[in-house]
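# whatever this is, show me its structure:
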Amino acid sequence: MDLNKNNFKDTLKDNKVVLVDFWAEWCGPCRMLTPTINSLEQEYKDKAVIGKINTEQEQELAHEFGIRSIPTVIIFKEGVEMERIGGASSKSTYSDKINYYLN
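Residues are numbered from 1 along each chain as shown. Have a look, this model is predicted:
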């Protein structure tokens with residue numbers, strides 16, 4: 001799901017667990033992470049929201065969350081930031097975190 005300033009706050013409010021990938025098109029590691037994020041989005045379709053924020057298009061959100069390097073993945077539970085993962089990690093790293101916060 002593409003997130004932006006228009007849908008971000010409602011998405012956090014309306015969902016128990018939200019994983020957000022802060023990325024940019026020019027970022028090599030971000031492009032490498034895209035298939036993982038897409039796979040997680042399908043896997044958790046009815047359980048959690050897996051979203052992406054393009055930091056070039058949504059600079060206000062990137063600034064609000066203090067994004068200094070990309071990719072940065074933030075996991076929110078009930079609208080509260082719970083954890084950050086910098087750089088690209090394995091799919092199991094993200095799925096383990098999502099499962100932890102879903103329970």
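
# and residue 81, that one's in a helix?
No - using DSSP: H, G, I helix; E, B strand; the rest coil, the secondary structure at residue 81 is strand, not a helix.

# wait, it touches residue 67, no?
No - between residue 81 and residue 67 there is no contact under Cβ atoms under 8 Å: 12.0 Å. In this view, the C-beta of every residue, glycine as well, is placed from N, C-alpha and C.

# comparing these two, which residue is more hemmed in?
residue 67 (21 against 13; other Cβ atoms under 10 Å).

# with adjacent residues omitted, what lies nearest to the more buried one?
Leaving aside its chain neighbours, residue 67 sits nearest to residue 22 (4.8 Å; criterion: Cβ to Cβ, 6 or more residues apart in numbering).

# wait, the one you found sits on residue 64?
No - the criterion here is Cβ under 8 Å, and residue 22 misses it with residue 64 at 10.8 Å.

# all helices for this structure, in order.
8-14, 28-43, 59-64, 91-102 (DSSP state H).

# what's the angle between the last one and helix 28-43?
Regarding helix 91-102 and helix 28-43, their directions subtend 50 degrees when assessed with axes from the mean of the first three to the mean of the last three Cα atoms, to 10 degrees.

# extract the CA atoms of helix 91-102 and return them as CSV.
The C-alpha coordinates for helix 91-102 follow below in CSV (Å, rounded to 0.1, in the frame of the first residue of the first chain):
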residue,chain,number,x,y,z
LYS,A,91,11.9,-11.4,5.0
SER,A,92,11.9,-13.5,8.2
THR,A,93,13.2,-10.5,10.2
TYR,A,94,10.2,-8.5,9.2
SER,A,95,7.7,-11.4,9.5
ASP,A,96,9.0,-12.3,13.0
LYS,A,97,8.4,-8.7,14.1
ILE,A,98,4.9,-8.5,12.6
ASN,A,99,3.9,-11.8,14.2
TYR,A,100,5.3,-10.6,17.6
TYR,A,101,3.2,-7.4,17.5
LEU,A,102,0.1,-9.1,16.2
